[in-house]
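Peer 1: Sequence and predicted structure, then a few things I'm wondering about:
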Amino acid sequence: MALSFFSKNKKAIQARCRDDYPTKMRLKYAPYYHAMEAQNGTTVTLDGRDVIMLSSNDYLGLSFHPKVVEAARAAILKWGTSTNGARISNGSRSFHLELEAKLAAFLGREACHVHAAGYLSCMSSVASFAQKGDVIFADKNIHSCLWDGIRLSMATVERFSHNNPDDLREVIAQTNTDAPKMLVMEGVYSMEGHIARLPEIAEIAEENGLFSVLDDAHGFGVLGRQGRGTVDSFGLNDKIDVICGSMSKSLASVGGFVAASNEVIDYLRSHSKQTTFSAALTPAQAAASMAALDVMQTEPQHLERLWANTKKYKAILKHLGFDTWESETPAVPIVLGSKERVYPFWKALLDRGVFTVMSIAPAVPAGKDLIRTAVSAMHTDEQLEKIADALAYAMKKL
Ligand SMILES: Cc1ncc(COP(=O)(O)O)c(C=O)c1O
């Protein structure tokens, strides 16, 4: 029987999936989507062998904290596993409101809204507030969720050089318009580990009346008082309009948050498609986040240990002569410069029992192909020594 027009179209998409070059390469070299059989803190079991996890974002090491684990367990017993729908249709639960109030207070904001993924929170922090005709000034290196928010908003985008206030000033000067303007940036850049040059950038935002959105997925829990984040670390809380972030990193859960003024959050709850048409954060996720937030404020040793480990890890990398892209935080790239160097290095680390993740262009700028690593407060001294040995071994394979 002859193929109908419609079935030919369908076949074209199936062929796209089958013939895709990046997919073929990924399946051939299998660098991603490894299936670990077990996990205990920073140790995971892969193919029957224990390896050290060095690419997770569990910065404070709270994902195995007894209070966090117990809170998630108790929440499931009380509330079940899911609320099975969007909050606008079948309601919020008291734990959503409790978590939002706690996060808002911690971040010094009037209000907060939580989503089932950080990706949704950050995307909606841009897409809900900007619209066609507006201009968005975006740091060139922002996360994919923020780019998606920009695209969805249909606003005009003007990129400025990564973390470069002078370039931001120039780009603004060249954009001669009275349209509403937004600034989109990160607090700590996830790949590079750079801290935003917030004092200068916030001043420019203020001078030019930019509505500012800052994604602090990697600054929350890591910088500022008790881990309040990048904005707090600079004492600039009144200068940034929206702080969004993820609960899958320092909060040892999953989900995301948007924190801002009452009127901004009320507007988000009416206009954000990611908010109105997506199911609510689950009871276990909310409870784990709340418990982790409590631990952050009552057990300072985790933040102290995180920075002590970061210092030790960076000293190891410096001693071995690696390029870490001037990372200032526990998110530490090892820049190797080409995909030909990245793969054998990653493989050598794994052979020596250290699990990392590769990031190659176009995910990073050309020539910045890297191994992305992140230190946790949970890494032991013994693990850091093993990591040092593995790095020295991998270096010889280059
Ligand atoms: C900077 C940044 N923003 C947002 C996200 C999305 O967060 P989530 O993984 O919780 O959806 C990530 C995750 O990697 C991130 O690095």
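Peer 2: Arrived safely.
Peer 1: okay, L236: pLDDT?
Peer 2: On pLDDT, L236 comes in at 98.
Peer 1: Please tell me I have it right and it contacts E200.
Peer 2: No: using C-beta atoms under 8 Å as the test, L236 is too far from E200 to be in contact (10.9 Å). To be clear about C-beta, it is placed using only N, CA and C from the backbone, and glycine gets the same treatment.
Peer 1: Just want to know which of these two has more residues nearby.
Peer 2: The neighbour count for L236 versus E200, taken as other C-beta atoms under 10 Å, is higher for L236 (18 against 15).
Peer 1: can you list contacts of the host helix or strand of R73?
Peer 2: Following DSSP states H and E, one finds R73 within helix 66-79. For helix 66-79, contacts defined as C-beta atoms under 8 Å, 6 or more residues apart in numbering pick out 62, 93, 95, 252-253, 283-288, 290-292, 294-295.
Peer 1: One more pass at 6 Å, please.
Peer 2: 62, 252, 283-284, 287-288, 291-292, 295 (C-beta atoms under 6 Å, 6 or more residues apart in numbering).
Peer 1: Could you list the buried residues of whichever helix or strand comes after that helix?
Peer 2: Once the chain leaves helix 66-79, the next helix or strand it forms, by DSSP H and E, is helix 87-90. In terms of neighbour count (16 or more other C-beta atoms under 10 Å), helix 87-90 has its buried residues at R87.
Peer 1: Ok, stretch 23-31 next?
Peer 2: Residues of stretch 23-31 classed as buried: P31 (neighbour count, 16+ other C-beta under 10 Å).
Peer 1: for that stretch, what is the average pLDDT?
Peer 2: Rounded mean pLDDT across stretch 23-31 is 86.
Peer 1: burial count for the nearest residue to A331 once chain neighbours are set aside?
Peer 2: Of all residues not flanking A331 in the chain, G193 sits nearest, at 4.0 Å (C-beta to C-beta, 6 or more residues apart in numbering). G193: 24 surrounding residues under other C-beta under 10 Å.
Peer 1: which residues sit in contact with G193?
Peer 2: 327, 329, 331-332.
Peer 1: and what of L398?
Peer 2: R341.
Peer 1: if we can go back for a sec, state the pair within the contacts of G193 that is farthest apart.
Peer 2: Spanning the widest gap among the contacts of G193 are T329 and V332, at 7.7 Å by C-beta to C-beta.
Peer 1: and L99, how many residues sit next to it?
Peer 2: So L99, with other C-beta under 10 Å, has 25 neighbours.
Peer 1: Confirm that it sits in a strand.
Peer 2: No: using DSSP: H, G, I helix; E, B strand; the rest coil, the secondary structure at L99 is helix, not a strand.
Peer 1: Surely E100 is in contact with E110?
Peer 2: No: with contacts counted by C-beta atoms under 6 Å, E100 stays clear of E110, the gap being 10.8 Å.
Peer 1: quick one, which of these two is more surrounded?
Peer 2: For E100 versus E110, the count of surrounding residues by other C-beta under 10 Å is larger for E100: 22 against 13.
Peer 1: Distance-wise, check the more buried one relative to A286.
Peer 2: For E100, the distance to A286 equals 9 Å [C-beta to C-beta, to the nearest Å].
Peer 1: how is this protein carved up into domains?
Peer 2: 23-53+300-396, 66-298 (automatic domain parsing).
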